[in-house]
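can you look at this prediction? I've put the sequence above it.
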Amino acid sequence: MRQKRPLAKILPQPVPKAVTKRVTILGATGSIGSSTADLLRRDPARFAVEAVTAHRDAVALARLARELGARFAAVADPAAYAALKSELSGSGIEAAAGPQALIEAAQRPAEWVMAAITGAASLAPTLAAAERGAAVALANKECLVCAGALFMRRAAAAGASVLPVDSEHNAIFQALGSGRREDVRRVVLTASGGPFRTWTLDAIRNVTVEQALKHPTWSMGPKITIDSATLMNKGLELIEAHHLFGLPPDMLDVVVHPQSIVHGLVEFQDGSVIAQLGAPDMRIPISHCLAWPVRMGTPAARLNLAQVSTLSFEAPDLVRFPALAIARRALATGGAAPTILNAANEVAVREFVERRLGFSGIAALVEATLEGMERRGGMTEPQTVDEALAIDHSARRLASDLLPEIAAMAS
Ligand code: NAD
Ligand code: MG
């Protein structure tokens, strides 16, 4: 005779009441913003959207705000205000514009804020979210390169969780969970190597904007795609890792891994190396931050190692990709050097995309700006946002002044 099962076990367990998470997306119309919106759309009962922001694309922002049911939408560019207001008319969604409106978006009551604005322009709004103690999912790395120490200090003082979205840092964040911090020996960021990984130095000199905008493994916004082609992205990421994880530069390493399957590794003192693997799809690290500390499903491709077949690794070539060496030096120098590096690189990438500077000129302009600023003696680490932005502005001005000379030399 079959035994009767105890009733308690076959009764459905009480399902915990779903708690809705209120979220804001800064930089909602971009690549990371769209991937975040895609995850939110798939689980509308679990998330409610407070605010969304964009640079100046009012039509795309309004469409997204309506679709996600946001309460507030802001464009950075005041000239786009009228278009945003008209696109949102009748929706009940508040429209706003200008730098203060981005800060307001960040300050509105969302417990989770995606920081996905490109560049140092992200600093003030991202800091505004951190300073009210929100969980900040940090995709933007430039704000940590521009003002990392002060950002992390203020976030800690406010009790904010800074959750790394950048795939390498998210991988390291996950791997760090498997041991004690004092047992960590080394942290390794992987780099795809970009589209010119196998090109000769001569060929790299004549790279076109179109070639540099074609990333072999990731689909991303234009600034980070160019940074990935010069390997400056990996340099910025070393500085990002230094601040996020509080690790000294000599514990941070880079290895080139063209398949972009292993995203980051942590070596512990016993020789164990813990890595995170996954398809190159930003919805995986974004979801990790969105559901943290639990996990959620994603539509990302499942990893099939038999199909991938080969995972290869090589050392980065600092001769063909000098930007990585320049960034490493800026990290070691400290003070204002990373702030200057970031500002000069933002100018250099813009000038390259606008075809006023050759590809090799990007690293050359960044290096010349760092040297020029050093000669002027403005190398003290910024203690406030205003100080960071003042250094950022002088570095941008110097980079623009140096541009004709560097462009002529590097062409
Ligand atoms: P993107 O260019 O696709 O999108 C940028 C977003 O920021 C857009 O919504 C744009 O309207 C807004 N924006 C741009 N300039 C602005 C300004 N001056 N003021 C206000 N808003 C502005 O960029 P992305 O690829 O989504 O990258 C966003 C950030 O995330 C970058 O810092 C990048 O380094 C980082 N990141 C991106 C990826 C990726 O896969 N795309 C991966 C890791 C890290
Ligand atoms: Mg990355």
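Sure, I can see it. Numbers count the residues shown, from 1 in each chain. Ligands and ions are numbered 1, 2, ... in the order given.

what's the closest non-adjacent residue to the closest residue to ligand 1 within the stretch 101-250 of the chain?
Of all residues in the stretch 101-250 of the chain, the one sitting closest to ligand 1 is Gly221 (2.4 Å; C-beta to the nearest ligand atom). To be clear about C-beta, it is placed using only N, CA and C from the backbone, and glycine gets the same treatment. Nearest residue to Gly221 in three dimensions, chain neighbours excluded: Ser31, at 4.7 Å (C-beta to C-beta, 6 or more residues apart in numbering).

right, and that neighbour touches Pro222 too?
No: counting by C-beta atoms under 8 Å, Ser31 stays clear of Pro222, with 9.4 Å between them.

more crowded one of the two?
Ser31 (19 against 16; other C-beta atoms under 10 Å).

residues of the stretch 201-350 of the chain that sit close to ligand 1?
Taking C-beta under 6 Å from any ligand atom as the test, the list of the stretch 201-350 of the chain residues beside ligand 1 reads 218, 220-221, 223-224, 282.

I'd like those as TSV, with secondary structure and neighbour count appended.
Formatted as TSV, these follow (DSSP: H, G, I helix; E, B strand; the rest coil; neighbours: other C-beta atoms under 10 Å):
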residue	secondary structure	neighbour count
Trp218	coil	16
Met220	coil	19
Gly221	coil	16
Lys223	helix	18
Ile224	helix	25
Met282	coil	24
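
any idea how far the helix or strand Val347 falls within is from the chain center?
Using DSSP states H and E, Val347 maps to helix 337-353. Counting by C-alpha atoms, centre = their mean, to the nearest Å, helix 337-353 is centred 16 Å from the centre of its parent chain.

next up, the contacts around whichever residue of the chain sits closest to ligand 2.
The nearest approach of the chain to ligand 2 comes at Asp166, 4.2 Å away (C-beta to the ion). By C-beta atoms under 8 Å, 6 or more residues apart in numbering, Asp166 lies in contact with 138-139, 141, 237, 240, 285.

neighbour-wise, which one of those residues leads?
Ala139 (34 neighbours).

hmm, Thr118 and that one touching each other?
No: look at Ala139 against Thr118 with C-beta under 8 Å: they stay out of range, at 9.3 Å.

okay, and the common contacts of these two?
Gly27.

which non-adjacent residue is nearest Leu68?
Val49 (4.2 Å).

where does the one you found land in three-state SS?
Each residue gets one of three states, and Val49 gets strand by DSSP: H, G, I helix; E, B strand; the rest coil.

contact partners for it?
22-25, 40, 65, 68-71.

before we move on, what about Asn233?
191, 224, 227.

check Ala134 too.
106, 110-113, 160 are the contacts of Ala134 under C-beta under 8 Å, 6+ apart.

what's the spacing between it and Ala155?
The gap separating Ala134 from Ala155 is 9 Å, by C-beta to C-beta, to the nearest Å.

likewise Ala191?
26 Å.

before we move on, what about Val113?
Val113 is 11 Å from Ala155, by C-beta to C-beta.

tell me, what's touching those two both at once?
Val136.

the two: who's more crowded?
Taking other C-beta under 10 Å, Val113 and Ala155 do not tie; Val113 has more neighbours (30 against 21).

correct me, but that one touches Arg22?
No: counting by C-beta under 8 Å, Arg22 is not a contact partner of Val113; they are 9.9 Å apart.

just to revisit the earlier point, nearest to Thr53, of the residues of the stretch 201-350 of the chain next to ligand 1?
When these are ranked by distance to Thr53 (C-beta to C-beta), Gly221 comes first, at 14.7 Å.

would you turn the contacts of Asn233 into a markdown table with pLDDT and distance to Met251?
Formatted as a markdown table, the contacts of Asn233 follow (pLDDT from 0 to 100; distance: C-beta to C-beta, whole Å):
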| residue | pLDDT | distance to Met251 |
| --- | --- | --- |
| Ala191 | 98 | 17 |
| Ile224 | 97 | 24 |
| Asp227 | 98 | 23 |
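
Throw these into TSV and include distance to Ala130, thanks.
Below are the contacts of Asn233 laid out as TSV (distance: C-beta to C-beta, whole Å):
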residue	distance to Ala130
Ala191	27
Ile224	21
Asp227	23
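
nearest to Ala325 among the residues you listed?
Using C-beta to C-beta, Ala191 comes nearest to Ala325 of the contacts of Asn233, at 13.3 Å.
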